[in-house]
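In: Predicted coordinates and the sequence they were generated for:
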Amino acid sequence: MIKKIGIALAALVGLFLIVGLITPKEFHMERSIVINKPVGEVFAYLQPLKNQEQWSPWAKKDPNMKKSYQGEDGVVGFISSWDGNKEVGAGSQEIMKIIPGDRIEYELRFKKPMEATDSAYITTHAINPTQTRVSWGMDGHTPFPGNVICLVMNMKSKLAKDFDEGLVSLKGILESRTTSPSQEMDTL
């Protein structure tokens, strides 16, 4: 009996290791939404990192999270840091690159619940003069055994749900605003 239990445990460990070897360690997530506002107005709202506090799903999961900032918001080098409950963890986000009217790139440095450094971005593309496609994406690396744990916990699906929730919130905020596109362009 003990020998059978030992063999079963060894088989489970072996299976875990094999799954860890074949499960991707790199991940990519991107979600998009169409917002009924001009691209200049949308981009001007997205550029300041502090505006994410209004539409980010994680800000809603912990409205009491501690936040701190370094630098000038909306420019390369600005850092927003957070320390929250177990749903949002702790870490920081830095603006790494801005292509005006098109793309903002970030570096995400997670401290809790596990350490990781990933990249994220937001792009805006004019569909026509009054509609903008916003895409929000993230790329990262999850080494073994995290890649297996993320597979079992279906983390990509949970992240997609959070991205979708954030984009719907962003759409609601921007489409309810009455600011004219020319006023927004002045802030670029």
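Out: Yes, it's here.

In: pull the longest strand from the protein.
Out: Looking across the chain with DSSP state E, the single longest strand is strand 116-128.

In: mind listing the helices for the chain?
Out: For the chain, helices defined by DSSP state H occupy the ranges 2-22, 39-46, 52-55, 57-61, 146-153, 155-176, 181-185.

In: E175: what's it in contact with?
Out: E175 makes contact with 35-37, according to CB atoms under 8 Å, 6 or more residues apart in numbering. C-betas here are computed from N, CA, C, even on glycine.

In: Quick check on those: which are buried?
Out: Neighbour counting by 16 or more other CB atoms under 10 Å classes 35, 37 among the contacts of E175 as buried.

In: count of residues packed around W55?
Out: The number of residues packed near W55 is 20, by other CB atoms under 10 Å.

In: Isn't E53 up against K67?
Out: Yes - proximity of E53 to K67 meets the contact threshold set by CB atoms under 8 Å, at 7.4 Å.

In: Among the two, which residue is more densely surrounded?
Out: Shown here are E53 and K67; by other CB under 10 Å, E53 has more neighbours (16 against 12).

In: and the more buried one, what is it in contact with?
Out: 59, 67.

In: one more time with 7 Å, if that's ok
Out: When contacts are counted by CB atoms under 7 Å, 6 or more residues apart in numbering, E53 touches A59.

In: hmm, back to that, just give the strands next to the longest strand of the chain in its sheet, each with its orientation.
Out: Sheet pairing for strand 116-128, assigned by DSSP bridges, gives strand 103-112 (antiparallel), strand 131-141 (antiparallel).

In: contacts for that strand?
Out: For strand 116-128, using CB under 7 Å, 6+ apart, the contacting residues are 34, 39, 42-43, 46, 101-110, 132-140.

In: Also stretch 90-99?
Out: Residues from elsewhere that reach stretch 90-99 (CB under 7 Å, 6+ apart): 47, 49, 75-84, 104-112.

In: still on that earlier bit, tell me the mean pLDDT for the longest strand of the chain?
Out: Per-residue pLDDT over strand 116-128 has a mean of 95.
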